[in-house]
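*Asks:* this one's structure only:
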């Protein structure tokens, strides 16, 4: 199994309006350090899992729609609890849409939210 | 010169309502990974710069008033541009208030806002 | 597959009294930077793998029984070789005991012992 | 599942002479921060996955044949595209040769090439 | 004293043709993880040390002339020993040229060349 | 001002037998991730602050006398509180002894003891 991982980050505001989340119910924010890992059983003829330039560009493009945003105002997140786990899957799904035509492996998205907490989603 | 550094983090929302800040004018957020460094020319009789337990507690206490908050709603930040540099000095000043009675050295506060950007303030 | 990971650390003394371990046979010590990862196929109704506050509290509680201890003096480790691998499984088992009633996924515990060495245990 | 991971690094020059690689077609170089992970279902009688001293020595020995080299000049890489993925597998295979007599688990080699890009190969 | 720091990286080949450098005399390469710190006694009217977007763009522009290059082939480095220290000062000087018209503080450039070695230059 | 920094680590046991240190009064231990920074106003004729190979060897040699030791048993630490600050200065002094004949700049030693605490000593 081969992997390629690229890193980027976004800065967002949101709230988690459910008593379960205690102080995070109120409007606050986060930097997500976003690690996107592409996994594949074999390399292509250029000896790569995926064109890393394309991987970086697609990741940047997907994240640009979230960066500097208040997630509570985005229509796709209305009445959703935008937890870190949920956002990892959301970003995974958006990246997958853009690579599905030419990449068949597994994609994993890990969001680092502080120096001591992370969440991720992997799908194939 | 001796130093002791402790790390913690906060998750806040804010906006920077000035055209200078481009997309960051709008409500967004950040995790600040907060490094607080205490510097001193000599050690106390216990061979420490500062009681590290007290340093951690004071840092946690100061940050608790900011964590999970929307800075735009806090009275002390009305009509202020809460840039990372500004927040580094604000946190510095609040920590200094709590240690000034027993610590005479320099305090530096560094905020990591993404995996590739930091800002700090140092004062003595 | 979703994951949530939290980080904490402990500082312990121990010895590894077997010639296999060379200089580590003698009393020495370690900081273990402890990463605990909870993995699950699906999210709960709050869109989380596990309540991260509870995950942090349970991790802190388990580690508090080891932190600032000499492992050689703890009854559960008498005549055991408390290697990093062994301690990863021990911490895993203690965390599992506390979450098994409400968490069904896999738990992985990784201990960073220096800037260039780690050991882990994963179980489900 | 238990793992042990050790870290080292090498500094190499190479070129990727295919238009696919854009500016990386020309002679350039990289530091690879090399993480080698050994995984095993159970511990040996010394409670370890593998003798970590031996793991470090073997990793150092394998890397010494690449460190401070121009990969384009090494006979084993003639007419090969020495991408990071390819080099991860190459290093994996060389380490495996040296441990296969006494280690039966999986070996994973991850190369960090910048602060925001990594590639790996895992084989069993 | 306030600071802002931004991170980027470059991948270069070079040789250090002097017996002093042992195996590094031969063609090899490096990734330099480049940290550029801007320091200033006070903030500007936007509460920043320097426009961080401009700081990132200038850093990227300066590095683009080195990235994916063989330093031995660049005219400005003929007969120079392009050590990490030397390159830190070179990058410092090129960044300073681009900010000197509007930034009066100190600039520090730190190059991380492996997971266990760094060099820097600071000038005002 | 130029700097060169090298990283290594040690694993030690010790106790801090004074009520000031709470639970750390008892025998425990630590990994210190040791960063040694050499600073100098100018480069030598080889364009370096200090021969990095020599800097690494001297650091390793100094640390070898502490690694895998119980500091409480070493004669030089009898009746000393071996805090992280104290150990940073001790290591600084030992490195200085070995470089003073050929290096005139400042030496700084920073010890990382957990993922969220560090102490350092700098002297010239």
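*Replies:* That came through, no problem. Because the structure is predicted, anything quoted here is derived from the model rather than measured. Numbers count the residues shown, from 1 in each chain, chains lettered A, B, ... in the order given.

*Asks:* Next up, phi/psi of the most centrally placed residue in chain A, please.
*Replies:* The centroid of chain A falls nearest to residue A:91 when counting by CA atoms, centre = their mean (3.5 Å). Backbone torsions for residue A:91, taken as degrees, to the nearest 10, come to phi -70, psi -40.

*Asks:* And for the closest residue to it other than its chain neighbours, the neighbour number?
*Replies:* Spatial nearest neighbour of residue A:91, chain neighbours left out: residue A:109 (4.9 Å); criterion: CB to CB, 6 or more residues apart in numbering or on different chains. The way it works is simple: take the backbone N, C-alpha and C, and place the C-beta from them, glycine included. For residue A:109, the neighbour count with other CB atoms under 10 Å in any protein chain shown is 26.

*Asks:* tell me which element residue A:109 falls in.
*Replies:* strand A:106-114 (DSSP states H and E).

*Asks:* if we can go back for a sec, tell me the pLDDT of the residue nearest to the centre of chain A.
*Replies:* Note on residue A:91: pLDDT of 98.

*Asks:* surely it meets residue A:64?
*Replies:* No: using CB atoms under 8 Å, residue A:91 is not in contact with residue A:64; the gap is 11.7 Å.

*Asks:* Spell out which parts of chain A neighbour chain C.
*Replies:* Neighbours of chain C within chain A, by CB under 8 Å from any CB of the partner chain: A:18, A:20-22, A:80-86, A:88-89, A:110, A:115-123.

*Asks:* Weed out the non-buried ones from these.
*Replies:* Neighbour counting with 16 or more other CB atoms under 10 Å in any protein chain shown marks A:20-21, A:81-86, A:88-89, A:110, A:115-122 as buried within the residues of chain A next to chain C.

*Asks:* In helices, which of the residues you listed appear?
*Replies:* Among these, DSSP state H puts A:84-86, A:88-89 in helices.

*Asks:* I'd like to know which of those is nearest to residue B:28.
*Replies:* Nearest to residue B:28 out of these is residue A:84 (CB to CB; 16.1 Å).

*Asks:* can you pull the contacts of the closest one?
*Replies:* Going by CB atoms under 8 Å, 6 or more residues apart in numbering or on different chains, residue A:84 touches A:30, A:32, A:111, A:113, A:117-119, C:4.

*Asks:* picking up where we left off before, in JSON lines, list the ones in helices among the buried ones among the residues of chain A next to chain C along with distance to residue B:59.
*Replies:* As requested, these are exported to JSON lines (distance: CB to CB, whole Å):
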{"residue": "A:84", "distance to residue B:59": "24"}
{"residue": "A:85", "distance to residue B:59": "28"}
{"residue": "A:86", "distance to residue B:59": "30"}
{"residue": "A:88", "distance to residue B:59": "29"}
{"residue": "A:89", "distance to residue B:59": "34"}
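
*Asks:* Relative to chain F, which of the contacts of residue A:84 is nearest.
*Replies:* Lowest distance from chain F to those (CB to the nearest CB) belongs to residue A:117, with 12.2 Å.

*Asks:* can you tell me how far that closest one sits from residue E:120?
*Replies:* Using CB to CB, to the nearest Å, residue A:117 is found at 31 Å from residue E:120.

*Asks:* ditto for residue A:94
*Replies:* Counting by CB to CB - residue A:94 and residue E:120 are separated by 39 Å.

*Asks:* likewise residue A:86?
*Replies:* Distance, residue A:86 to residue E:120, by CB to CB: 41 Å.

*Asks:* Name the SS class of the residue lying farthest from the centre of chain A, please.
*Replies:* Distance from the C-alpha centroid of chain A peaks at residue A:45, with 27.8 Å (CA atoms, centre = their mean). Secondary structure for residue A:45, judged by DSSP: H, G, I helix; E, B strand; the rest coil, is coil.

*Asks:* likewise the one 5 residues further on?
*Replies:* What three-state DSSP gives for residue A:50 is coil.

*Asks:* Return the backbone torsion pair for it.
*Replies:* The phi/psi pair for residue A:50 (degrees, to the nearest 10) is phi -160, psi 150.

*Asks:* nearest spatial neighbour of it, skipping sequence neighbours?
*Replies:* Sequence neighbours aside, residue A:38 is the residue nearest to residue A:50 in space, at 4.8 Å (criterion: CB to CB, 6+ apart).
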